[in-house]
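> let me see the structure of the following:
(chains A and B)
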Number of protein chains: 2
Amino acid sequence: MTVDGIKVFDATLRDGGLVNDFYFDDQFVKALYKANIEAGIDYMEFGYRASKKQFDPAKFGKWKFTSDEDVWAAIGEKDPRMKLSIMVDVGRTDFREDIKPRNESPIDLFRVATYIDTIPEACEMINYISGLGYETTCNLMAISKCTDEQIAQALYQLAQTPALAVYIVDSYGALYPKQTRKLTRLFHNILSPAGKEVGIHGHNNQQCAFANTLEAKELGAKWLDGTVYGMGRGAGNCHSEALLGYLDGKKYHVEPILNLISEWMLPIKQSGIEWGYNTSYMLTGLTNQHPRTAIAATKKKDTQFAEQLKFLSYQ
Amino acid sequence: MTVDGIKVFDATLRDGGLVNDFYFDDQFVKALYKANIEAGIDYMEFGYRASKKQFDPAKFGKWKFTSDEDVWAAIGEKDPRMKLSIMVDVGRTDFREDIKPRNESPIDLFRVATYIDTIPEACEMINYISGLGYETTCNLMAISKCTDEQIAQALYQLAQTPALAVYIVDSYGALYPKQTRKLTRLFHNILSPAGKEVGIHGHNNQQCAFANTLEAKELGAKWLDGTVYGMGRGAGNCHSEALLGYLDGKKYHVEPILNLISEWMLPIKQSGIEWGYNTSYMLTGLTNQHPRTAIAATKKKDTQFAEQLKFLSYQ
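This next block holds a predicted model:
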């Protein structure tokens, strides 16, 4: 199993934060950081740096607005074995005010998340943030809603930025392995000549997050997202422990993540924080739609799945 | 989406029976039968016909020993839209005594399940049962433990029987999509010249059951197993509803299965019958081992996953 150039990326605080409004116990964050380093994880994402003008800090935990100081407080000294990341959404971050130059920050990488219709803004952010000395990637969300032509146009624009990689982000958990392979090829064909790599961020609505991640890797994707125990919006993500187990060897080690699951993830789930596959999420994945109706159904314990499908089919 | 020649096969009573000792409510069996017909399912498996000399009928529900009379009682008249099946394990069935000629039975197909080391016995059973007028298939269990050479030898022998198809049975949930494709090709190469088809029966230990089923289909597998809500041993199976949703169209319909989940499967699960993905099952899949240790761990709520992996790694 070659892991040459692979970057296993832990997005637990970021995608997981979407299901607990970014309220994580400080001790958990420290434990996650330590476990990720021991597991050989290449990058750990410390949530979002969202605009405090747009979102009320009183209504969310700090990892929605992650400051450099929050990160320092969590990690103490920086461990050179693992790089650190923060996600910034196009239109939801004050990137010109809120990002200091890299040499004043613990952060190595900013991931710029965008929908297909705001690529120029994403490019602008990537260029600006790269200019501060950071690594950047672009995370192309809701990819299953885009045509190949739209994607190609976006990739040609992104290929001209300093972004290291562009991610296939299956926000709706709608992709099957075959489609993932097709997209990975399309991404590669346009990005490789520009010296850029491909990433994959799966959602588990149809229980394909892990399988799709493996398929993208098989075709050369290098940036592989996982979250511990799959913690993430709706049906959650590719489980880091499944991915690390698959890659396990000299570089990656699954045991630290298994211990983290035993000690932290199971209690977090038992406390009532909800994520993971269920039939409602399967149906939004199947119909290629935002999981919001499934999240609502799950919250109110609505299990009338045939009715849910009927509703989704008319969207 | 072509479904030409596809046989969607419901194994709920059979693989699901492994988690409730085959005790199913009679009303559930009737509801399942009706839902399967409405969903366009091609075959429904009515459990096993195990030897009553080897297994105590007082300790299991009737669907472990399924008689023709049990089936008639459940279905009333036979609906021509769906064929009926029973599984028989090599060495665990009194097939010479317990199977009447097809024209006296509601059953259309017997699936002969075997490990790699009892292929001659499987061939003998297939020949005998086919001689009674039934369709037969062979289900090659624990395929992830077999070498390509062993598999090829087995397939050459099975190619000379009247079996319609041979199944890739991923008993340990150890296969990844890539391996599934490789196996499907190997099966095809040997079986196609003999006019036989390939089947796939997945287990969800690594959340690949559905993805693997799609990949096998992609490469021409025609017999696709599912169970409603994934009910089956350990981590369970490919979910019928995911598969039907994927195939949905003129022939297949997911709604009847969604209703069955709402009305029956959720209450069955809430009653304490356990199946479905968890981290213990992921680890037996990862280490390519029988799920028995994970079943035991799940039962006693042992969540020391790193210890479980250590134990499995020394097996």
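
> show me the helices in the stretch 101-250 of chain A, by range?
Taking DSSP state H, counting those that start in this stretch as the criterion, the stretch 101-250 of chain A contains helices spanning A:119-131, A:148-158, A:177-191, A:209-218, A:240-247.

> give me the mean pLDDT for stretch A:147-163.
Across stretch A:147-163, the average pLDDT comes to 98.

> wait, I meant stretch A:221-240
Averaged across stretch A:221-240, pLDDT comes to 98.

> establish whether that stretch and chain B are in contact.
Yes. Counting by CB under 8 Å from any CB of the partner chain, chain B is contacted by stretch A:221-240 at A:Y229, A:H239. C-beta coordinates here come from the backbone N, C-alpha and C atoms, glycine included.

> show me how far that stretch is from its chain's centre.
7 Å (CA atoms, centre = their mean, to the nearest Å).

> next up, the contacts around the residue of the stretch 51-200 of chain A found nearest chain B.
Chain B sits closest to A:P177 of the stretch 51-200 of chain A, with a gap of 5.3 Å, by CB to the nearest CB. By CB atoms under 8 Å, 6 or more residues apart in numbering or on different chains, A:P177 lies in contact with A:C208, A:A211, A:N212, A:E215, B:P177, B:A211, B:L214, B:E215.

> same question, A:E45
Shown in contact with A:E45 (CB under 8 Å, 6+ apart): A:F9, A:D10, A:A11, A:T12, A:L13, A:R14, A:L84, A:S85, A:I86, A:M87, A:R111.

> near chain B, which residues of chain A are found?
Counting by CB under 8 Å from any CB, chain A sits next to chain B at A:176-178, A:204, A:206-212, A:214-215, A:218, A:229, A:239, A:241-242, A:245-246, A:254-255, A:258-259, A:261-262, A:266, A:277, A:279, A:282-283, A:286, A:303-306, A:309.

> buried subset of the residues you listed?
A:176-178, A:204, A:206-212, A:214-215, A:229, A:239, A:241-242, A:245-246, A:254-255, A:258-259, A:261-262, A:266, A:277, A:279, A:282-283, A:286, A:303, A:305-306, A:309 (16 or more other CB atoms under 10 Å in any protein chain shown).

> how close does A:K52 get to A:K62?
Separation of A:K52 from A:K62 (CB to CB, to the nearest Å): 11 Å.

> same question, A:I126
In terms of CB to CB, A:I126 sits 25 Å off from A:K62.

> out of these two, which sits in the busier spot?
Just comparing A:I126 and A:K62: by other CB atoms under 10 Å in any protein chain shown the higher neighbour count belongs to A:I126, 25 against 20.

> so that one touches A:A165, yeah?
No. Under the criterion of CB atoms under 8 Å, A:I126 makes no contact with A:A165, lying 11.1 Å away.

> check the contact lists of those two and give me the overlap.
By CB under 8 Å, 6+ apart, the residues touching both A:I126 and A:A165 are A:C138.

> now do the contacts for the residue in the stretch 101-250 of chain A that chain B sits nearest to.
Nearest to chain B, among the residues of the stretch 101-250 of chain A, is A:A211, at 3.4 Å (CB to the nearest CB). By CB under 8 Å, 6+ apart, the residues touching A:A211 are A:P177, B:Y176, B:P177, B:Q207, B:C208, B:A211, B:N212.

> pLDDT score for it?
In this model, A:A211 carries a pLDDT of 98.

> now do A:G249
79.

> one more: A:M1?
pLDDT, A:M1: 65.

> next, count neighbours for A:L84.
21.

> how close does it get to A:P106?
6 Å.

> now the terminal residues of stretch A:165-184, how far apart.
12 Å (CA to CA, to the nearest Å).

> may I see the buried residues of it?
If you call a residue buried by 16+ other CB under 10 Å, then stretch A:165-184 has these buried ones: A:165-181, A:183-184.

> and for stretch A:13-22?
Buried, per 16+ other CB under 10 Å, within stretch A:13-22: A:L13, A:R14, A:D15, A:G16, A:G17, A:L18, A:V19, A:N20, A:F22.

> just stretch A:120-131 next, same as before
A:A122, A:C123, A:M125, A:I126, A:Y128, A:I129, A:S130.

> next one: stretch A:305-315
In stretch A:305-315, counting by 16+ other CB under 10 Å, buried: A:F305, A:A306, A:Q308, A:L309, A:L312.

> tell me the contacts of the last one?
For A:L312, the contact set (CB under 8 Å, 6+ apart) comprises A:L283, A:T284, A:T287, A:Q289, A:T293.
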